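Engineer: Following is a predicted model, sequence given first.
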Amino acid sequence: MGLNSAYLMTVKNLDAFFNTLITAKAPEVFTQKFLESLEFTSSSDRLYIAVLKGLGFLDPTGVPTDRYFKFLDQSQSKLILADAIREAYGDLFAININAQTFTAVEAKNKFKTLLKGKVSDDVLRLMGNTFEALCKYADWQSPPVAEKAPRAGAARGNKVAVSLNSTPEFSESGSPENPTDRKVELHYNIQIYLPDTRDQAVYDALFTSLKKHLF
């Protein structure tokens, strides 16, 4: 779990920022200079870098992560952002699994409770505005990207893979040469490769899917 405390002074250009990010070539390191090359040149625009780090798009040194590159795929950009929000604001989603529906004011009030008065009202307000704007841009109509992987027989290259191996065993009284006097037992070995996430909802969806398709 966690609670991203990064915020923007204004969210009026947030959609434009993400739309520009999708069409731009990823830098080796996301610096202030690169941000300015995207025509986000005001001092308040520098806060976008902290927001991207909070969402796991950049590592602490500003290097784009795997999540950043997945976001550049326009067919799943907003889904990737939704997953990033669920993780970055894990404490908020632990309170309400539909936290993405919170208004800025509702989010601010929840932040105030979670942070136990350690942050000023002005900062809480900006955090609430930022959270609401991020949620509005993201796609919440589809399940988390990680939930789509767990399927029986999926390839090992996916985040979750299940392999089924069967081995026939013959009873002591039977033999392979005599089909009429033979007992066959099939034993299945199920191996599950869990995704690297702190979101409990992902694991719940995984085991629900396994129960549905395998048992």
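Structural biologist: Good, I have the coordinates. Numbers count the residues shown, from 1 in each chain.
Engineer: What helix or strand is residue 112 located in?
Structural biologist: Per DSSP states H and E: residue 112 is located in helix 104-114.
Engineer: Residue 3 now?
Structural biologist: Using DSSP H and E, no helix or strand contains residue 3.
Engineer: Can you report how many residues neighbour the closest residue to it other than its chain neighbours?
Structural biologist: Once flanking residues are discounted, residue 3 sits nearest to residue 91: 4.4 Å by C-beta to C-beta, 6 or more residues apart in numbering. The C-beta positions use only the backbone N, C-alpha and C, and glycine is treated the same way. Here the number of neighbours of residue 91 (other C-beta atoms under 10 Å) works out to 17.
Engineer: Sort out which residues of the helix or strand where residue 91 lies are buried, please.
Structural biologist: Per DSSP H and E: residue 91 is located in helix 90-95. Across helix 90-95, burial judged by 16 or more other C-beta atoms under 10 Å covers 90-93.
Engineer: elements contacting it?
Structural biologist: When contacts are defined as 3 or more C-beta pairs under 8 Å, 6 or more residues apart in numbering; DSSP states H and E, helix 90-95 packs onto helix 104-114.
Engineer: Downstream of the helix it packs on, the next helix or strand is which one?
Structural biologist: Assigned by DSSP H and E, the successor of helix 104-114 is helix 121-137.
Engineer: got the contact list for that following helix?
Structural biologist: Here helix 121-137 makes contact (C-beta atoms under 8 Å, 6 or more residues apart in numbering) with 5-9, 11, 14-15, 18, 51, 55, 78, 81, 85, 89, 92, 100-109, 111-112, 115, 119.
Engineer: List buried residues within those residues.
Structural biologist: So, by 16+ other C-beta under 10 Å, the buried ones in the contacts of helix 121-137 are 5-8, 11, 14, 18, 51, 55, 78, 81, 85, 89, 92, 100, 102, 104, 107-108, 111-112, 119.
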